[in-house]
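**Student:** Predicted model follows, preceded by the sequence.
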Amino acid sequence: MEAFLMGFSHFLFVCLLFTEPRRHSDFPRHRGWLEVICGSMFSGKTEELIRRLTRARIARQRVEIFKPALDTRYHAQDVVSHNQNSIRSTPVQSPSEILLLAGGATDVVGIDEAQFFDESLVEICKQLADQGTRVIVAGLDMDYLGRPFGPMPALLATAEFVTKVHAVCVCCGELAAYSYRIAASEKQILLGETDSYEARCRPCFLAGESVKTPGHEQLAENKKH
Ligand SMILES: Nc1ncnc2c1ncn2[C@@H]1O[C@H](COP(=O)(O)OP(=O)(O)O)[C@@H](O)[C@H]1O
Ligand SMILES: Cc1cn([C@H]2C[C@H](O)[C@@H](COP(=O)(O)O)O2)c(=O)[nH]c1=O
Ligand SMILES: [Zn+2]
């Protein structure tokens, strides 16, 4: 009985995590709305953004994709995931450029690395959604100290649909919601990937330097306990 209840509550938890619209009947009847994909680094935000935008293109919708110009980590123009999926985008310095370039004839607007934009992104997304555009935003909900990052909290509060994705904790194999910084910098913005960050669960994030990233064999051993 206990095992059944545990299994059932896990099932409910997983259902709650995936609140994106999946069937046509789940979408609002009106045209414009805001979707936010959030989570830690390596959680699959960019993969999920690319998946949704690709499907919109297959449906012959007019799609425009933007990212902050400062994000030159993998490519100057493309949005690129950690596993090398990519899609062409327009790098912009500020959110107002998104409205200028996408307002009007665009069905779907995708925005990656939203945490790097200023708060004006919230109003720009609202204006686009109000005028009938489906807006899909992906970004880090928390910075390396676990603080809400840039415009993400307000975007999450104002979105019709929110999807929080999780990485795998590199220390213990559990679900990871935190981006632990291993590089010696205290600036909020520090571009990087596995050279500078690790995906970690809450206990491993809190344990900090006292937890060392184990090899794969140790990770498998941890999962058994
Ligand atoms: N610790 C990790 N947990 C999960 N996926 C990881 C991890 N480290 C690397 N990856 C890779 O990262 C991919 C997700 O990349 P991406 O969509 O760019 O994530 P995000 O945009 O959230 O940083 C995964 O499919 C996987 O191949
Ligand atoms: C936690 C954290 C991350 N960053 C940077 C590091 C990367 O360049 C991006 C996140 O990219 P991803 O697609 O989510 O992997 O953000 C930062 O500047 N500050 C931080 O605190
Ligand atoms: Zn962990």
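**Tutor:** Perfect, thanks for sending it. Numbers count the residues shown, from 1 in each chain. Ligands and ions are numbered 1, 2, ... in the order given.
**Student:** From here on, just use CA atoms for contacts and neighbour counts.
**Tutor:** Fine.
**Student:** so Ala138 is in which element?
**Tutor:** Assigned by DSSP states H and E, Ala138 falls within strand 134-140.
**Student:** Following element in sequence after that strand, please.
**Tutor:** Assigned by DSSP H and E, the successor of strand 134-140 is helix 152-158.
**Student:** Check which element follows that next one along the chain.
**Tutor:** Heading C-terminal from helix 152-158, the first helix or strand you meet, by DSSP H and E, is strand 161-165.
**Student:** which helices and strands does that following strand pack with?
**Tutor:** Identification of packing neighbours for strand 161-165 by 3 or more CA pairs under 8 Å, 6 or more residues apart in numbering; DSSP states H and E yields helix 2-17, strand 33-39.
**Student:** rerun at 10 Å
**Tutor:** Applying 3 or more CA pairs under 10 Å, 6 or more residues apart in numbering; DSSP states H and E, we find strand 161-165 packed against helix 2-17, strand 33-39, helix 45-58, strand 134-140, helix 152-158.
**Student:** That strand: how far from the chain's middle?
**Tutor:** Put simply, strand 161-165 sits 8 Å off its chain's centre (CA atoms, centre = their mean, to the nearest Å).
**Student:** ok, the next helix-or-strand element following that strand near ligand 1 or not?
**Tutor:** Downstream of strand 161-165, the first helix or strand assigned by DSSP H and E is strand 167-168. Yes: using CA under 6 Å from any ligand atom, strand 167-168 reaches ligand 1 at Ala167, Val168.
**Student:** just to revisit the earlier point, the strand holding Ala138 pairs with which strands, parallel or anti?
**Tutor:** Note on strand 134-140: by DSSP bridges, its sheet partners are strand 33-39 (parallel), strand 108-111 (parallel).
**Student:** Around ligand 2, pick out the residues from the protein.
**Tutor:** Checking the chain against ligand 2 by CA under 6 Å from any ligand atom, the hits are Met41, Phe42, Leu140, Asp143, Tyr144, Ser179, Gln188, Ile189, Leu190, Leu191, Gly192, Glu193.
**Student:** wait, what's in contact with the fifth one?
**Tutor:** Taking CA atoms under 10 Å, 6 or more residues apart in numbering, we find Tyr144 in contact with 40-41, 178-182, 186-190, 197-198, 205.
**Student:** about what we covered before: make CSV out of the strands paired with strand 134-140 and add mean neighbour count and mean pLDDT.
**Tutor:** Shown next, in CSV, are the strands paired with strand 134-140 (neighbours: other CA atoms under 10 Å; pLDDT from 0 to 100):
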stretch, mean neighbour count, mean pLDDT
strand 33-39, 24, 98
strand 108-111, 24, 97
